[in-house]
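Peer 1: Curious how this folds, go ahead:
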Amino acid sequence: MPSNLRRNGTPRDVEGWLAAARGTDERPRHALCPVPATGARRHPAAPAVDPARAAADFVRQHNVEEGLGDPARRIAEVEAEIAATGTYTHTPRELEHGARVAWRNANRCIGRLYWRSLRVRDLRHLTAAEDIAAACADHLREAAPDGRIRPLITVFAPDRPGRPGPRIWNEQLIRYAGHLQPSGHVVGDPSSAGLTAYAQRLGWRGGTGTSCTSFDVLPLIVQEVPHVRPRCFDLPPDAVLEVALEHPEFAWWAALGLRWYAVPALANMCLEIGGVCYGAAPFNGWYMGTEIGARNLADTDRYNLLPHLAHRLGLDTSSDRSLWKDRTLVELNRSVLHSFDRAGVTITDHHTESLRFLTHLEREESRGRAVGADWSWIVPPISGSATPVFHRTYDDVRHTPSYVHHHEAHARARGEDAVPARQRAPWRDLV
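Peer 2: A predicted model of the protein is given here:
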């Protein structure tokens, strides 16, 4: 039996599901239901942070949790460096601890049980766009050897007073392009339409004309500093691991040509450790199946596959009371889990991960650490009440270190760059 695991290469043709999924509305798909820029709930702006205090708090936390003894000497070193330069440099051990604890503190992540397993690639010496792009490709290769996904973060140069660090515009290292057509519909992922158009303005020629498909991998868009124009870099085919989607029962499913990439590597969040901002620090865990099957491929502002799949399944779509959406969602999620398992690529399901999250809560509380969590993100998007995480409340308190989504990062991911280069101000989070 042929394998459904593939490294990125020549795209396969996709059956007519895309045309069926578009519906009759001629407006661009990405205009129908835009992705909210800041998620389900807004939090008040954080107060200004005193760099010396933030640094001292982090050093104390690091020393206590790692059993390193009295932090007074290290705090004095950090305070002296801040007084002289306006910032300070983390030791490799501090960087590793900070990145791991930031994952532990990620309120919207259900998969935090293994936060200590995060491996850190310290590439703070890299600032050139081409070096960063090459390192991101290496990250993807290292994160998924033979499909066994490993939690990994690559940390590039931080922001410093008067010298901002680099930024990656892409929301994830791998995303599929969204090609806006003259008719108004989008071929591919509508959430990527803005960044796709921006990449083309930068000179990217991928998927142009009649050659575009629904699964063209976007190039990386890397910006060294605010006043320098971003640059595009195609990911090497061997860095993009993809899984062709099949179904355990329906032979026709494979002919749809659906697939998804194996490594979900977030790329545009800021890693904040003790008052220092690392604006380019892509990191990955592994997928929970519902992220692909209940959101990326099913949301009406994404691939919107449910209507076409329901038709192929022979379901009555004339009324929502037939629960055709629910039944189709289950089959789509079965397809994702079955295909990843068959390909030997790490993935988890929402029932297993819900139990693991409760184990994480118990472990952290036994150590006297409060766990923040956003209920609207922790509860899976399907069968929520059938999972134990549904039947309780959480305190959405924010802890540091943390991964932060700044407003301008969302704008860059949408391909928005309204300010001419000569007028661009430094990144907003610079002191």
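Peer 1: shaky segments in this structure?
Peer 2: 1-4, 6, 8-48, 207-210, 418-431 (pLDDT under 70).
Peer 1: Can you list the residue ranges for helices in it?
Peer 2: For the chain, the helices defined by DSSP state H cover 17-22, 29-32, 51-66, 72-85, 92-104, 129-143, 193-201, 289-290, 306-312, 324-343, 350-366, 375-378, 407-413.
Peer 1: Would you mind finding the most buried of the ones you listed?
Peer 2: Stretch with highest mean neighbour count among those: helix 289-290 (a mean of 25; mean count of other CB atoms under 10 Å). Heads up, the C-betas are built off the backbone N, CA and C, glycines and all.
Peer 1: Provide the count of other residues in contact range of the closest residue to residue 381 other than its chain neighbours.
Peer 2: Excluding its sequence neighbours, the residue lying closest to residue 381 (CB to CB, 6 or more residues apart in numbering) is residue 294, at 4.3 Å. When counting by other CB atoms under 10 Å, one arrives at 22 neighbours for residue 294.
Peer 1: Equivalent analysis for residue 185, please.
Peer 2: Neighbours of residue 185 (other CB under 10 Å): 20.
Peer 1: List the contacts of stretch 75-93.
Peer 2: Outside stretch 75-93, the residues within contact range by CB atoms under 8 Å, 6 or more residues apart in numbering are 51-52, 55-56, 59-60, 62, 66, 98, 122, 158, 160-161, 273-276, 431.
Peer 1: end-to-end on stretch 221-239?
Peer 2: In stretch 221-239, first residue to last residue: 16 Å (CA to CA, to the nearest Å).
Peer 1: And for stretch 284-293?
Peer 2: Chord length of stretch 284-293, first to last residue, is 19 Å (CA to CA).
Peer 1: Sort out which residues of it are buried, please.
Peer 2: By neighbour count on 16 or more other CB atoms under 10 Å, the buried set for stretch 284-293 is 284-293.
Peer 1: How about stretch 384-392?
Peer 2: By neighbour count on 16+ other CB under 10 Å, the buried set for stretch 384-392 is 384, 387, 389.
Peer 1: Name the nearest of the residues you listed relative to residue 103.
Peer 2: Of all those, residue 103 sits closest to residue 389, with 17.9 Å by CB to CB.
Peer 1: I'd say the closest one and residue 378 touch.
Peer 2: Yes: contact criterion CB atoms under 8 Å: residue 389 and residue 378 qualify, at 5.3 Å.
Peer 1: Give the residues shared as contacts by the two.
Peer 2: Shared contacts of residue 389 and residue 378 (CB under 8 Å, 6+ apart): 110, 357.
Peer 1: my read: residue 109 touches residue 103, true?
Peer 2: Yes: the criterion here is CB under 8 Å, and residue 109 meets it with residue 103 at 7.1 Å.
Peer 1: returning to that earlier point: the residue nearest to residue 381 contacts residue 332, doesn't it?
Peer 2: Yes: Residue 294 lies in contact with residue 332 (CB under 8 Å); the separation is 7.5 Å.
Peer 1: Show me what the nearest residue to residue 397 once chain neighbours are set aside bridges to in the sheet.
Peer 2: Spatially, and ignoring its direct neighbours in sequence, residue 397 is nearest to residue 372 (4.4 Å; CB to CB, 6+ apart). Residue 372 forms beta bridges with residue 395, as assigned by DSSP bridges.
Peer 1: Report how many residues lie close to residue 372.
Peer 2: By other CB under 10 Å, the residues close to residue 372 number 16.
Peer 1: And for residue 202?
Peer 2: Using other CB under 10 Å, residue 202 is surrounded by 16 other residues.
Peer 1: Next: residue 86.
Peer 2: Neighbours of residue 86 under the rule other CB under 10 Å: 13.
Peer 1: quick revisit: what's near enough to touch the residue nearest to residue 397?
Peer 2: 105, 107, 394-399.
Peer 1: ok, the residue nearest the centre of the chain - contacts?
Peer 2: Nearest to the mean C-alpha position of the chain, counting by CA atoms, centre = their mean, stands residue 266 at 3.0 Å. Residue 266 sits next to 171-172, 282-284, 403 when contact means CB under 8 Å, 6+ apart.
Peer 1: Need the buried ones from the residues you listed selected in PyMOL.
Peer 2: Listed next is the PyMOL selection for buried residues among those, using 16+ other CB under 10 Å:
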select buried, resi 171+172+282+283+284+403
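Peer 1: Can you lay out the contacts of residue 266 as JSON lines showing distance to residue 188?
Peer 2: Shown next, in JSON lines, are the contacts of residue 266 (distance: CB to CB, whole Å):
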{"residue": "171", "distance to residue 188": "14"}
{"residue": "172", "distance to residue 188": "14"}
{"residue": "282", "distance to residue 188": "22"}
{"residue": "283", "distance to residue 188": "25"}
{"residue": "284", "distance to residue 188": "22"}
{"residue": "403", "distance to residue 188": "27"}
